[in-house]
Each structure stands twice: as C-alpha cells, then as structure tokens.
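Q: have a look at this fold, sequence not included:
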C-alpha cells in the first residue's frame, strides 16, 4: 500500500469514528436495549474495536 | 498504623520503579529493547490515563452518566490521525534537534526566544494544576483508606506537619532527578524512565480490570445484576446537554491528547522511529477500551451504596472494597491509582521542567560570569543543575496549588481546565506544520488571546469561587439560548475561535522574516528535506572551527565533540581548516547537537556567542532551498537508479545461476548418453572382431553373435530415438497431435501389445475400466507410448515368481485417472520424485539396475505434462508400485486432428 493511500485510510477511519460516536447516533442508541447490558456500552465497544482492528490490518498491510 | 503500612507499600512501589528504571539504564541490552519497542511505546502513550482516569472516571460516570466517555472518544478518533500528525512531529523534531514543545513552536516561528518563553510559562500555568490534580488524587485516595471508619486519622502526617502527599511529591522528584538529570543527556537517553512508565501503564490497567471483576463478580453475582440497579434500566445523557457539548468535549479531549506536554514527550521526543506509531494506532485504542470496560458498573455500584452518604464520588473505587471489609483490595486499588498519578507526574514534570530549564533559566544564566567561573571546565553541569532546580520548582508549585486550590474541586474539573489550556497551542502547532503562511506574530496573537479567555473564565473563577465563574459565563453566553450550563465547552469554543481566527488573520496581514520562511518551508514540507536539513537551513555569518569545537567540547566533552564533528564533516565532504571560515552546515549541526541537550534558545545564544551571524536575504533562502530541492531530486533519482541496478543485477545473478545449472545438467546428460551408448558399442565391436578374426567359428555361435549385435544395435537405436524425443519435448519442438479417442480402447490396445511379454514372464493381468468415460482429446500415439512404458516397467519390476499387474481407469470431475499397479517391491520411500528424472537408473543408488534406458519415465512425464495432466507414483499398501496419471477430457491449446 502506498503512503498516500495509507494516509487517506487513516484520515477516513478518524472521520468515520467521529461520525459514529457523535451525539445524534449516541442519543438514538441510548433508547435501545441489548439484553441486560446497556446498548450504548456495547455499541461504543464495537466502534472502539473496529478502529483498533482496522488499525491492526493497516499495520500488517503496511509492513 | 494503617497509614504507616500504606506509606510503606507506596515507598516499596517507588523503590520498584527506581529498580526498573535503573535496570534498564544500566543494561545496554534492555536499553535497546525499550528504545525500539512499539509495544512499550504504545504503553507509554497510556500515560494519558492518569489519576483522573483511575479515580475521576468513576466519579464522572456516577455524576454525568456516559458523558465521561467523551474524554476517551476524542483520543480514539485522533489515534489513527497520529500517523499524519505525530509522524510529522517526530520527523521534524529529529531533523531539527528539537526536544520540547516550546522549542517546537518557537523553532517554527522565527526561532523566537520570546515565543519559546511565553509557551513555557503558559504551559506551566496550564499544566501545574493538572500535576496538582494527580497529587490530589493520591491524597484523596490515601485519606479515604486511612480514615475509613476512624475519622481521627484523616489528616495523617509525619511530625505533625509533613503530609503524605508531600513525601510522595518529593519521592517522585528524586526519581526524576535520578533518571533524567544524572548527567547531561540528549533526548534519546531516558529509556529507564520510559520503561518505568510502560510498567506503570500495565499496573494501572491490571488493577482496574481486576477491580472491575471484583465488583461485578465478587460484590455482586453478575454484571447484569449491577446494570439492573440503573434507574429505568437505561443510561441517560444529561438532558440539559446538547450536541455541541458532546461534540465539543470530544474535540477538546482529542486535541488535549495530541498537545498535552506529556503526550508530546512520550509520543514525539521519546519515539525511536516513526514506525512505532503504526502499532500504537491500534494498541492505544484497545488500552482505552480495556481501562474503561468496568467504569460504568463500578459507578453504578458506587451510587447504589453511597448515594445517600457523604463519600466523595472520586473515591468510590476505594470506598467499595472498604465498605465490604476488603482492605487488601483497597490498598491494591490505591496502588493502581498511585501508579496512574505518579506516571503522569513524572512525565509531565519532566516535560515542563525541561522547558523551564532550557527556555527560561539556562538562556538567562548560562553566559553569566558567576556560572562560567563557578563551573569552569565543567560547563555540562550547568544545564544539569538548572534541570534539577526546575524539577523542584514545578513539583513544589504543583504541591502548593494542591494545598491552596485543588482540594476544593473535583478531579475532572481541574483536568478539563488544563485540557483547554493545552488546546490553545493547537492552531499554532497544526498551522505550523500544514500552513506555510503562519508567522510568529499570528502565533503570538492566537496563543495570547486564547489564554486570556481561558484565564478569565476558567482560572480566575477557580481562585475566587463559583459565583464569579457563573457571572463571567453569563456574559459570554447570554446571546446563546439554552447553553448556560456548558461552561467548559463554551470557553473552549470561544477561546479556540478567537485563537484560530487571530492566528490566521494576523499571519495574513503581517510578513514573515526570511528565516521564518525558511523554517516554514522545512516544517511544512519536512518529508522533502528530512535527509538534508542541515544543508537546507539558512545560516550566514563568520565562524571558525576552534571556537565552535571549544563550545561543543564544553558540553559534550572533547572526545565526543571531536567525534561528532569529524563524523559530520566526513559524511558531508567538508574540509576543516582552522584558519578558513567554517562551513555554515557545521555551525547548524553544532547548534542542533547543543539544542538536543540544552534546548534551542540556549543553543542559539551560545552559538551566537562564538560566531558572527549576518542578516540573511530572501535570495539566500531561495538559493539554498532550490539547491536542496535539486540535491533531493538528484538523491531520489540516484536512489531509484541504484534500486533499478540492484534489481537488474539480482535478475542477472538468477539467470547466471540457471545457466550454470543447465550447463551442469547438459554435461551430466551427455556423459550418461555416451556411457549408455558405449556399452552396446563395446559389445558390438568385440563380437564383430571375433566374427572377422575367426573364420572357422561354428555356424551356431556365429548366428548367436549376429543376433546379439542386432539386439545391441536395436537398443542403441531405441536409446537415440528416446534421447531425440526427450530433446524435442524439452525444447518445445514437438507438438502433440490431438485427436478424439477412447482411453479404454487405447489401454486395451496397449495390453494386447504387451500380451506376449506377459505370457513369457507368467504375469497375470487384471483390467478394470470405467465404461462411463467419454471420448477424450489426446495424442493417441504418445499416450500409447506412456501406457506401454508403464506396463513395461511394471512387467520388469513385478514379482518374479507370480507376477500380477492391475490396470484401471476412473473418472474424477473432468479428468480420467489411469492406474497401473504391480506386485513388486515398489518404489523406495523418498525416490518418488527422482524416478521421473532423466537416466534415473544410471544415478540411482538404491535400486537394482533395470533393463531400460532410464529415459522412459522422464519422457512419460513430459508427455503427460504436455497434456496438462499429472503423473506420480505411490507405494500401494498391499501391492508394489502404483503409477497414476491423469488427463483432462478436453485439451485447449493444440490442434485437434
């Protein structure tokens, strides 16, 4: 993967996360339930894991 | 008694930290491990999680519900952007010899010493409360554990006036003095401290997770039981908050993560190389996830047990185990909180004290006669002394702030005030590395205005109380409806708005100096210049080698100074002549070396004291940058050419190896062929001579001799035609003549041809053919040759007393599988591939000499490969060798007859 592409990917993840964790989405999810654990915690955990996993994949691809 | 045992535990922990740092500093192997290790780097970034995270997150979550997460969502978002921003910071810092945040900003903006000092002072003002916050965290933790159930122990102290917080502060100060100021160090020499910080990050994470499990599965039976305690079963956002506040907090924490001096210290100046960032980008978010995993359940549990009591929410982590009578767990948690706080105190104090020493104290006193005379010949001790003094100043200021102010406020409120302070540097720093037109006046205007707003609306109220705070905020927000409560985000928004606007506006209306333009080009386009920064930085003036050498020797020692100068001049082909003026690149390099140790301001002052710097013109800047650009283009081309040459040379080497191998194979082949031809020729020659010489030879023997000659001639003919066949196949001269044929019919034809031989050798033949096979595309004669060859081999190697051969066909997808099995000894293990090589029997060591030429299987393999099939041999479990070949039903590249 060339440097420009890699850089674009990192910017894309940053902005995607910014969108995913923002107020309208978070506020909407607050009303949802996932069994006994609050849905918002599960959602934010998933978003965090997605950021980490994409970062991990990019690191391996860029080796 | 409890106080003493806790105090002892903390002292032991500090000793452990000393031990780790000392071990790393002492061992070259460990220093090397720590220096380039991306995991250690990612762990040091976790210094972001301070006492605020450890105790404050639970306090915030129990008050503001999930809003506490915004402090971690910000860094989560900017973590991927570190590759763009931090990578540039690292590259610039290494190229320019920058070792502190204030140096970074001032180097970009005209190397302004005034700006350097301003940044240092403002950072000190902004961060010292944050360091005080950590001391508050430790003190509150200690007080909670010591005074639980016995309020009389609340103000535990030594000799009635030395409190524990003071002892801890002094202990951490000693740690810093021991590991960062033992001698004059350059930026890469704090591995011991970094190792200890990474260790602390592990400790606080482990403690937090263990405690979370303890609350969810020990105090309660299950995590869901804790969540069931949430009113209405759902987490709610504060209804008076809105989008702007949520968004504002995320942006604020993201900026703080990037620009906090401690993050800058571990992320930029302690980084060995840029590649460490790649791992940190995904490891750091995982760390944040893990450390926040149990915050909500702990906060919920805390609220459940203590909502009606006067227990401070920031101390829920300690109060929960104490309430349940688990003092050991409380001490364990206290240790985690202590590691979180001490890590932050160490790195933040190191960063700030370095700036105070290098930007304020050293430039003011380094050339004073008192210090020069006092430290004659030991000049390197002056920076060390000032570093130690500045560490004590910073820690004592933090301690007094804690005593006088911080105890009144929650951990999160002090932290956020500091966050907004460091964010004020974001426009100048980001503008500095991405926008060439930003200048020193713009930077001054932006930073000062942002800090004025911050100071008026956030600092003064903490000094004079909440009423003043509220009135100030009302002034700012009265025009914005429904936003009266969002103090932090309002001040953040307005300070950043004014700061960024003034930075851009003033930069646009004022001119850059030539030096500034030079630095702007180098900062913004650092990737173009990082290889040749010394030759890209404009310096014009007169300097002589002995003066510069003597200056460098004062701080580096004569031996190292000479080594550095010699290495640099040799690398850059610079001639050193004591009488001639010194090349400007050497002066620049000396300034960079000094800057690494004593900061850019002091380095600049010292270099100016031994040189005579001239004003640089715009033409100088343009010339030198053009020259550097040309040099870089040339370097790039040279690099590309050398890479291309290397690639070609590798290809040539490979071809040469192949040719040599082919040559060797050819020699072997020729040797074997001639050897195979010589045997029958010798026999023919001997028999012919006998026939010629002995005319009276009986007719019967003569006939026998003639038959042998004929047989040997046939053998030679067969061998020669096989060699020719093989050569034709290998050179690609021979093309298959594909026709439509029934493979079963072909096999029957071959077995009929061999029938006589089988009878002679008393071999039983068993045929099992698949009737459903379609008509196939193949070269009839060549496949016949393969089958006959395999049948001949089978007849030669099957059991000599009761030989048996099995021939079968079957269908598999779009291919036919033909199997020819004998009941001989089979092919020796490990020889399965070798038998398909040319003249195998001539080379083989493990099998007896067979009757063929040794080319049959090699030819068969070629024929099958040309048909896009496969051939191999297996050792049958019950019988002997099983030769198998496959053929596709259809051929797609040859002419079908």
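A: Right, received. Where do you want to start? All of these numbers come straight from a predicted model, not from anything done at the bench.
Q: what segments of chain A are strands?
A: A:33-34, A:37-38 (DSSP state E).
Q: out of those, deepest packed?
A: strand A:37-38 (a mean of 20; mean count of other C-beta atoms under 10 Å in any protein chain shown). No exception for glycine: its C-beta is placed from N, CA and C like everyone else's.
Q: partners of that strand, with directions?
A: Strand A:37-38 has its sheet partners listed here by DSSP bridges as strand A:33-34 (antiparallel).
Q: re earlier: Serialize the strands of chain A to TSV and add fields for mean pLDDT.
A: Output for the strands of chain A, formatted as TSV (pLDDT from 0 to 100):
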stretch	mean pLDDT
strand A:33-34	70
strand A:37-38	76
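Q: make TSV from those and add distance to residue B:163 to it.
A: As requested, the strands of chain A are exported to TSV (distance: least, C-beta to C-beta, whole Å):
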stretch	distance to residue B:163
strand A:33-34	47
strand A:37-38	40
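Q: dump the residue contacts of the residue most central in space within chain A.
A: Centroid-nearest residue in chain A: residue A:47, 3.6 Å away (criterion: C-alpha atoms, centre = their mean). Counting by C-beta atoms under 8 Å, 6 or more residues apart in numbering or on different chains, residue A:47 touches A:17, A:20, A:21, B:76.
Q: what's the spacing between the residue nearest to the third one when sequence neighbours are not counted and residue B:298?
A: Spelled out, that is residue A:21. Counting by C-beta to C-beta, 6 or more residues apart in numbering or on different chains, the nearest residue to residue A:21 once its immediate chain neighbours are dropped is residue B:73, at 4.9 Å. Per C-beta to C-beta, to the nearest Å, residue B:73 is found 19 Å from residue B:298.
Q: average pLDDT across stretch B:195-203?
A: Stretch B:195-203 carries an average pLDDT of 93.
Q: now do it: distance to the chain's middle.
A: 19 Å (C-alpha atoms, centre = their mean, to the nearest Å).
Q: residue ranges with poor pLDDT in chain A?
A: A:1, A:35, A:63 (pLDDT under 70).
Q: meant to ask about the stretch 701-850 of chain B
A: B:839-850.
Q: can you show me the strands along it?
A: B:739-741, B:763-768, B:776-778, B:803-812, B:815-822 (DSSP state E, counting those that start in this stretch).
Q: give me phi/psi at residue B:883?
A: Reported as degrees, to the nearest 10, the phi and psi values for residue B:883 are phi -90, psi 130.
Q: returning to what we had before: tell me the most buried of the strands of the stretch 701-850 of chain B?
A: The most buried one of the strands of the stretch 701-850 of chain B (mean count of other C-beta under 10 Å) is strand B:776-778, showing a mean of 24.
Q: give me the residues contacting that strand.
A: B:736, B:738-743, B:746, B:816, B:867, B:887, B:889-891, B:896.
Q: partner strands of it, with direction?
A: As assigned by DSSP bridges, strand B:776-778 forms pairs with strand B:739-741 (antiparallel).
Q: show me how far the strand it pairs with is from its chain's centre.
A: Put simply, strand B:739-741 sits 60 Å off its chain's centre (C-alpha atoms, centre = their mean).
Q: is chain A within reach of the host helix or strand of residue B:672?
A: Secondary structure from DSSP states H and E places residue B:672 in helix B:618-693. No - under the criterion of C-beta under 8 Å from any C-beta of the partner chain, chain A is not reached by helix B:618-693; the shortest gap measures 14.2 Å.
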